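Visitor: Here is a sequence with its predicted model. Questions after.
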Amino acid sequence: MSIKTVAIIGCGIGRSHIVEGYLPHPDKFRVTALCDLNVERLNEVGNEFGIEKRTTSFKDLLADDSIDIIDICTPPGIHLEQVLDALASGKHVVCEKPLTGSLKGVDRIMEAEKRAKGVLMPIFQYRYGDGIEKAKRIIDAGIAGRPYVGSVETFWLRTPEYYSVPWRGKWETELGGVLVTHALHLHDMMLHLLGPVASVFGRVATRVNDIEVEDCASASLLMRNGAFVSLSCTLGSQEQISRLRLHFENVTFESSHEPYAPGKDPWKIIAANETVQAEIDEVIGNWQPVSPRFTTQMAHFHAYLSGNGPLPVTTTDARQALELVTAIYQSADTGREITLPVGPESPKYANWRANTR
């Protein structure tokens, strides 16, 4: 099992990737380089973790043949260009969400992947943890039965101080608001458990902060499996929670309310009867604890690179989440229900800001 060398560009959330994703796996990864335009932060993180190579030039990392993986943790507005350049350099790529700011951009990346020597893994770390992985195993085993309805709540708080960072709250640099930067995690969890969306009716508004992008949204979804799902999100909640509650024929699941790690236990797993409970016990009775968030996603990534498992998160997964965003924005503009899939015929395909009224 070879140790993969990693270069991180962007030392903000990039520091969390080091702490949660790479340091727990010293037999799998070694962070050998950092890149950040903020030299003070670059040196602070470099000194903290003893990382010698530090640069303000992304091109330096692309040209370094000793680097196996480029981990992109920069502001969203430059993800597309950096992902394409990193793939073209022949390296493996990890990219924070949102992968990019339009379905057209995602499709460009998917075309580039077909020609690339390396692979791309988008970040959706909320998929990992004991609670959500138990639920996934029960659903995949067929125990839960038909899905009926669900609700997904992203109730977080962001103040003017948060938006004092120059790139936040702007279409050009953050690419969107609560749907793109915050609730995307919970919505991916829902898609991971319930599968694809058939149609969407959505509303968005900017009610909490003086910013360009939305900070409140709601949507009504019809899933392809027939289930109804309601999404609600705001950045004006005085108590921060993240919550999924999914009702199936035989089981009801409710996630932890931890805002930034809802995949962790405790999850409520409520069986319809003793027979169903016995089936659940059979499937998860020998459960081995799973580390949450980046720790497990990166472990699965290394397993894939070593030929020992599937790629844990794919560009197709990222596209599915951003397709939902696109449909909600289009519905909010037009006041109409939007049927998925969303393709180049959509006025929002290339630009979420395009007016479709």
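Guide: The structure has been received and is ready for your questions.
Visitor: Which pLDDT value does the model give the residue nearest in space to the middle of the chain?
Guide: For the chain, the residue sitting closest to the mean C-alpha position, by CA atoms, centre = their mean, is F124 at 3.2 Å. F124 carries a pLDDT score of 98 in this model.
Visitor: Would you agree it is in contact with K97?
Guide: Yes. Using CB atoms under 8 Å, F124 is in contact with K97, at 6.7 Å. Where you see a C-beta, it was placed from the backbone N, CA and C, and this is true even at glycine.
Visitor: Identify the contacts common to those two.
Guide: Between them, F124 and K97 share the neighbouring residues H185, A318, A321, with contact defined by CB atoms under 8 Å, 6 or more residues apart in numbering.
Visitor: In which helix or strand does the last one reside?
Guide: Assigned by DSSP states H and E, A321 belongs to helix 315-334.
Visitor: before we move on, what about the first one?
Guide: Under the criterion of DSSP H and E, H185 resides in helix 184-194.
Visitor: now that helix: how far from the chain's centre is it?
Guide: On the basis of CA atoms, centre = their mean, to the nearest Å, helix 184-194 sits 9 Å off its chain's mean C-alpha point.
Visitor: With stretch 161-169 instead?
Guide: Averaged over its C-alpha atoms, stretch 161-169 has a centre that lies 20 Å from its chain's centre (CA atoms, centre = their mean).
Visitor: Now it: buried residues?
Guide: For stretch 161-169, the neighbour count (16 or more other CB atoms under 10 Å) marks Y163, R168, G169 as buried.
Visitor: hmm, who's touching the helix or strand harbouring R54?
Guide: For R54, the enclosing helix or strand under DSSP H and E is strand 53-55. When contacts are defined by CB under 8 Å, 6+ apart, strand 53-55 is touched by residues A7, T32, A33, L34, C35, L42, N43, G46, L61, D64.
Visitor: State the pLDDT value of T356.
Guide: The confidence metric pLDDT takes the value 60 at T356.
Visitor: Please apply the same query to T234.
Guide: 98.
Visitor: Excluding chain neighbours, what is closest to it?
Guide: The spatially closest residue to T234, leaving aside those adjacent along the chain, is C216, at 4.7 Å (CB to CB, 6 or more residues apart in numbering).
Visitor: coming back round to it: from the contacts of strand 53-55, which two are the most distant?
Guide: Put simply, by CB to CB the two of the contacts of strand 53-55 set farthest apart are N43 and D64, 19.0 Å from each other.
Visitor: List the beta-bridge partners for the residue nearest to T234.
Guide: Listed beta-bridge partners, C216: A205, T234 (assigned using DSSP bridges).
Visitor: can you pull the contacts of it?
Guide: Taking CB under 8 Å, 6+ apart as the contact definition, C216 lies against V178, V204, A205, T206, R207, V208, C233, T234, L235, G236.
Visitor: repeat that with 7 Å
Guide: V178, A205, R207, V208, T234, G236 (CB atoms under 7 Å, 6 or more residues apart in numbering).
Visitor: Report how many residues lie close to the residue lying closest to the fourth one once chain neighbours are set aside.
Guide: On the basis of CB to CB, 6+ apart, the spatially nearest residue to V208 that is not a chain neighbour turns out to be G236, at 3.8 Å. Other residues near G236 come to 15 when the count uses other CB atoms under 10 Å.
Visitor: swap in L23?
Guide: A total of 15 residues lie near L23 under the criterion other CB under 10 Å.
Visitor: Could you measure from the residue nearest to it when sequence neighbours are not counted over to I123?
Guide: If the residues on either side of it in the chain are set aside, L23 comes closest to F49, at 7.7 Å by CB to CB, 6+ apart. In this structure, F49 and I123 are separated by 19 Å, where distance is defined by CB to CB, to the nearest Å.
Visitor: That's all I had, so thanks and see you.
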